[in-house]
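>>> Need coordinates for the following:
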Amino acid sequence: MRVPVLLIAAATVLAAACAPVDESPSATGAPGAADCARESLKTLTPEKFTFGTDQPAYEPWFVDDDPANGRGFESAVAYALAEELGYERSDVLWTRVPFTAAVQPGAKTFDVDLNQFSITDERERAVDFSAPYYDVTQAVVALKSSPAASAKSLADLKDVTIGAQVGTTSYDAAVELGSARDVAVYNTNDDAKAALGNGQIDALVLDLPTAFYVTSAELTDGTIVGQLPAGDGTGEQFGAVLDEGSPLTACVSRAVEALRADGTLAALEQEWLAGAGNAPELR
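Numbers count the residues shown, from 1 in each chain. Next up, the predicted model:
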């Protein structure tokens with residue numbers, strides 16, 4: 001029997017509608033395995049992958065101010081990312097970049113920078129971020145002899161002098177406390193710790209893992225007063241920084257998500273940051 005032309009056309013349209021959707025990168029916009037293969041990545045130095053971080057690089061994120069040794073949470077994450085992207089340890093390069101410079105507009109001297117950068121809307125206007133690799137909270141550190149050490153609530157911190165490193169979300173959190181005194185600003189955490197030690201400030205705001213390390217290994221009389229709640233009610237997360245519009249961003253995010261899915265990030269967090277959770281939350 002001869003099938004009418006219109007019926008054939010209708011059947012063709014129906015078959016096309018029921019056909020599997022092409023999930024290639026061109027159809028979804030997400031990078032595929034081939035797009036993120038080492039030979040496809042456009043890095044600053046061919047066949048190498050360059051990570052940036054500040055100097056000094058603090059523990060427990062880096063150990064002995066030596067990002068290349070693979071010790072410390074972010075150093076270990078860097079090498080895990082490189083491996084996920086197909087690079088050998090010997091293919092990884094490191095460069096030092098001041099914290100504030102890394103998140104400013106302009107050409108970068110790194111492919112990826114790991115330096116406890118919280119993902120914020122303001123920073124995303126100047127640089128790219130990878131998918132987050134760590135969820136973080138801020139904490140208040142004081143000397144046991146300081147009036148801040150006995151604080152049990154946010155209100156108890158209103159009349160103490162607080163310090164933080166410039167350009168950080170620790171500084172933003174310190175400002176959110178609404179202290180009656182201006183927040184003291186320092187170029188580095190080392191400067192801020194020195195100010196705390198000599199009594200120029202009563203308390204210091206740091207991310208919780210850094211606070212734990214500082215009070216256990218660097219301040220002989222230091223204590224964590226407590227963790228601070230997120231200012232807007234949403235969690236704070238660290239992401240890797242890349243140049244704005246970097247062709248590597250999607251693949252680095254893909255690698256981060258793979259490390260999260262296979263348990264690598266959780267294992268590294270347990271290895272390097274497990275001691276950072278023992279602090280009450282101030283309300």
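
>>> hey, let's count contacts and neighbours off CA atoms from now on
Fine.

>>> Please, where are all the helices along the chain?
Along the chain, the stretches classed as helices by DSSP state H are 5-18, 25-28, 73-84, 99-102, 121-124, 169-176, 189-197, 208-213, 249-261, 264-273.

>>> For P132, which of those is the nearest?
Closest to P132 of the helices of the chain is helix 249-261 (C-alpha to C-alpha; 7.5 Å).

>>> same for that closest one, what does it pack against?
Using 3 or more C-alpha pairs under 8 Å, 6 or more residues apart in numbering; DSSP states H and E, the elements in contact with helix 249-261 are helix 73-84.

>>> What lies in contact with the helix it packs on?
Defining contact as C-alpha atoms under 8 Å, 6 or more residues apart in numbering, one finds that helix 73-84 is touched by 49, 51, 60-62, 67-70, 88-89, 92, 114-115, 252, 255-256, 259, 265, 268-269, 271-273.

>>> Could you give the separation of stretch 223-233 from the chain centroid?
Its chain's C-alpha centre and that of stretch 223-233 lie 18 Å apart, by C-alpha atoms, centre = their mean, to the nearest Å.

>>> Out of the helices of the chain, which one sits most buried?
Mean neighbour count (mean count of other C-alpha atoms under 10 Å) peaks for helix 208-213 among these, with a mean of 24.

>>> tell me which strands and helices it is in contact with?
Using 3+ C-alpha pairs under 8 Å, 6+ apart, helix 208-213 sits against strand 138-143, strand 222-228.

>>> Which of the ones you listed sits closest to F238?
Going by C-alpha to C-alpha, the one of the helices and strands packed on helix 208-213 nearest F238 is strand 138-143, 12.1 Å.

>>> mind showing which ranges of the stretch 151-283 of the chain have poor pLDDT?
By pLDDT under 70, the low-scoring segments of the stretch 151-283 of the chain are 231-234, 275-278.

>>> can you do 50?
Nowhere does the stretch 151-283 of the chain drop to pLDDT under 50.

>>> Could you list the residues in contact with stretch 44-52?
Residues outside stretch 44-52 that contact it (C-alpha under 8 Å, 6+ apart): 38-39, 43, 78, 82, 87, 91-97, 109-115.

>>> With P105 as the reference, measure out to the one residue sitting closest to the centre of the chain.
By C-alpha atoms, centre = their mean, the chain has its centre lying nearest to F238, at 2.1 Å. Per C-alpha to C-alpha, to the nearest Å, F238 is found 19 Å from P105.

>>> repeat for D111
Distance of D111 to P105, given as C-alpha to C-alpha: 14 Å.

>>> Also A80?
For A80, the distance to P105 - C-alpha to C-alpha - is 27 Å.

>>> follow-up on the earlier one: so between D111 and P105, which is more surrounded?
Comparing D111 with P105 by neighbour count (other C-alpha atoms under 10 Å), the higher total belongs to D111, at 26 against 13.

>>> give me the number of residues near the closest residue to the more buried one other than its chain neighbours?
Leaving aside its chain neighbours, D111 sits nearest to T50 (5.2 Å; criterion: C-alpha to C-alpha, 6 or more residues apart in numbering). Neighbourhood size, T50 [other C-alpha under 10 Å]: 19.

>>> Kind regards, and thank you for your time.
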